[in-house]
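Novice: Turn this into a structure:
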Amino acid sequence: MIRKFISRVLGRKATASSGQPAVIAVVQHGLQRDQISRGCQRTIATLQENGYQAYVVGGAVRDLLAGLTPKDFDVATNATPEQVRHCFRRSRIIGRRFQIVHVNMGAETIEVTTFRGHHGEQGGNTAQTDEQGRVLRDNVFGSQAEDAARRDFTVNALYYDPTSETIVDYHHGVADLRQKTLRMIGDPKTRYREDPVRMLRAVRLAAKLGLLIDPAASRPIREMTDLIENVPPSRLFDEMLKLLTSGHAVRCVTRLREEGLHHGLLPLLDVILDQPLGERFVMLALDATDHRVREGKPVSPGFLFATLLWNEVLVKWDLLKSRGEPVIPALFLAMDEVLDVQAEKLAITRRIAGDIKDIWALQPRFEQRSGKRPYGVLQQPRFKAGYDFLLLRVESGEVDPEVGSWWTDFLHAGDEGRAGMLLPQPPGEARKRRRRRPPSGGGASVTE
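Specialist: Numbers count the residues shown, from 1 in each chain. Reported below is the predicted structural model:
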């Protein structure tokens, strides 16, 4: 009843069941064309001038209505990828699962997608799926109504025309957004089988927008979590990165646990979040990340995953040391083992894995506060990330606060101050450092 009332207030012209969308005027929704990026406006204007339909679609419309700033603007059109390509000199077709066009407008890249059609047997068009029903390839084009029906959630099936400043709404998306409800389009079980990542997306969007997942969409998740194992690790990594850098990572991880999605997705979460010290460390890291995102500061994926995986590294490291492995070799063995296990679920890129290892490898070096070793630590390329990681370990209770305070003071001290802070070298340490004589001709000696 509430949704029907909101729909009337927003100016619905016909019900979704009749196949006709609501066309909502600017006086009802309040979204104005100057809130759309210049590149997106130019892209839509060019397509419309060439006789095609074109709209801002999906997340950008949703976020603007929710009072958020979109990260990017996507366009949907009835033009095929080839037709879009011919309208823009600086554009290229990409994608296998579904072809899209990237249009370059100055420094901005606009993603242009052709309206998708039904991928069943209608019209002889059949999408390629696997045995679980996940769509593998789907270059089936259709009408705007079919495209709206193909989208995952009602709040994502909104089309905004900057020219007329109207929103085309086929599935009560504006009303659902006002009601703070995340509702699936179509049968949730079928939609999750088509793309299991939608279960993760539901959690992320609900946390980001402060929505409640509709019971019909939430209920099947626990019984269908095994489908996540069928998703390519690269897609899972991309989706988890979006989740963790959404500015609401703490809420997202909490919702993952509530929906039962953390089991098997991130093997580390299965163990860490059940241990007080590990859970505190992870939550502190995610909370710090959320603050950086909200302040518009950059977030390092390497640092994020280093914090999420650290507790598992500690467990492996302690086990190897108990078996007699030397401290540093044991750490590197533990690092490799944890990353190898995680790689089976998430395809962490080689570059990010390198950043993760650099941060972890610095941690035992922070315990060395004598001689010239602290100066060497300061010169490390990943020192700042390693130092921030150390402070999180201190705050979680894993490391003595005195260690963190010493490094904070050492970092901000001048040359004389740093020299006075160095701790005495352990007995026998000085004898290990050999001095090399310069070539004949005099000159001072150089310490290795």
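Novice: low-scoring pLDDT stretches of the stretch 201-350 of the chain, where are they?
Specialist: 262-276 (pLDDT under 70).
Novice: Can you identify each of the strands in it by residue range?
Specialist: Counting by DSSP state E, counting those that start in this stretch, the segments of the stretch 201-350 of the chain that form strands are 212-213.
Novice: what ranges do the helices span in it?
Specialist: Counting by DSSP state H, counting those that start in this stretch, the stretch 201-350 of the chain has helices at residues 215-218, 221-224, 233-244, 249-259, 267-272, 276-294, 301-322, 327-343, 350-362.
Novice: is it possible to export these to JSON lines including distance to Thr109?
Specialist: Glycine gets a C-beta too; all of them are placed from N, C-alpha and C. Output for the helices of the stretch 201-350 of the chain, formatted as JSON lines (distance: least, CB to CB, whole Å):
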{"stretch": "helix 215-218", "distance to Thr109": "32"}
{"stretch": "helix 221-224", "distance to Thr109": "33"}
{"stretch": "helix 233-244", "distance to Thr109": "17"}
{"stretch": "helix 249-259", "distance to Thr109": "26"}
{"stretch": "helix 267-272", "distance to Thr109": "33"}
{"stretch": "helix 276-294", "distance to Thr109": "21"}
{"stretch": "helix 301-322", "distance to Thr109": "20"}
{"stretch": "helix 327-343", "distance to Thr109": "29"}
{"stretch": "helix 350-362", "distance to Thr109": "21"}
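Novice: Can you tell me the closest non-neighbouring residue to the residue nearest in space to the middle of the chain?
Specialist: For the chain, the residue nearest the mean C-alpha position is Lys242 (1.6 Å; CA atoms, centre = their mean). Of all residues not flanking Lys242 in the chain, Arg204 sits nearest, at 6.3 Å (CB to CB, 6 or more residues apart in numbering).
Novice: The one you found reaches Gly247, doesn't it?
Specialist: No: the pair Arg204 / Gly247 is not scored as a contact, 10.6 Å apart, by CB atoms under 8 Å.
Novice: and stretch 28-37, which residues are buried?
Specialist: 29, 31, 33, 36-37 (16 or more other CB atoms under 10 Å).
Novice: From the chain's centroid, how far away is that stretch?
Specialist: Centroid separation for stretch 28-37 versus its chain: 26 Å, with CA atoms, centre = their mean, to the nearest Å.
Novice: contacts for it?
Specialist: For stretch 28-37, the surrounding residues in contact (CB atoms under 8 Å, 6 or more residues apart in numbering) are 9-11, 26, 41, 56, 60-61, 64-65, 73, 108, 160, 162-163, 165, 167, 174.
Novice: just the buried members of those?
Specialist: Buried members of these, counted by 16+ other CB under 10 Å: 10-11, 41, 56, 60-61, 64-65, 73, 160, 162, 165, 167, 174.
Novice: Can you list which of those residues are found in helices?
Specialist: Among the buried ones among the contacts of stretch 28-37, the members falling in helices (DSSP state H) are 41, 60-61, 64-65, 174.
Novice: got CSV for the residues you listed, with distance to Phe305 and pLDDT too?
Specialist: Output for these, formatted as CSV (distance: CB to CB, whole Å; pLDDT from 0 to 100):
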residue, distance to Phe305, pLDDT
Gln41, 37, 97
Ala60, 28, 96
Val61, 32, 97
Leu64, 31, 96
Leu65, 33, 96
Val174, 37, 96
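Novice: Of those, which is the nearest to Gln368?
Specialist: Ala60 (50.0 Å; CB to CB).
Novice: Quick check: that closest one touching Pro70?
Specialist: Yes: using CB under 8 Å, Ala60 is in contact with Pro70, at 4.0 Å.
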